[in-house]
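A.B. asks: mind folding the following:
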Amino acid sequence: AIGVGAVQANMAVFGAEQIREQKATRKYFDKYYAVVNTGGLIAFGFIAYAQQNDSYFIGYIVPS
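C.D. replies: Residues are numbered from 1 along each chain as shown. The predicted structure follows:
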């Protein structure tokens, strides 16, 4: 969790520094946050599905 917090806080800023136009930067942030949140939703959905249909043990092993 500590490593993810350090990376996630800086990734958006480092990516935005590569873009010069303000409109393109705005699009980058929109797409970046959409992808990050969609990935989190899919990951948590998969873990919940695995725990309900397979076993709780798989739900604890997959994230670690």
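A.B. asks: switch to C-alpha atoms for all contacts and neighbour counts from now on
C.D. replies: Will do.
A.B. asks: right, and Gly59 touches Ala48 too?
C.D. replies: Yes - using CA atoms under 8 Å, Gly59 makes contact with Ala48 at a distance of 7.0 Å.
A.B. asks: following the helix or strand where Gly39 lies, which helix or strand comes up?
C.D. replies: Mapping Gly39 onto the secondary structure by DSSP states H and E places it in helix 22-53. Once the chain leaves helix 22-53, the next helix or strand it forms, by DSSP H and E, is helix 56-61.
A.B. asks: contacts for that next one?
C.D. replies: 47-48, 50-51 (CA atoms under 8 Å, 6 or more residues apart in numbering).
A.B. asks: repeat the analysis, applying 7 Å as the threshold.
C.D. replies: With contact meaning CA atoms under 7 Å, 6 or more residues apart in numbering, helix 56-61 is reached by 47, 50-51.
A.B. asks: buried ones in that helix?
C.D. replies: Residues of helix 56-61 classed as buried by neighbour count (16 or more other CA atoms under 10 Å): Gly59.
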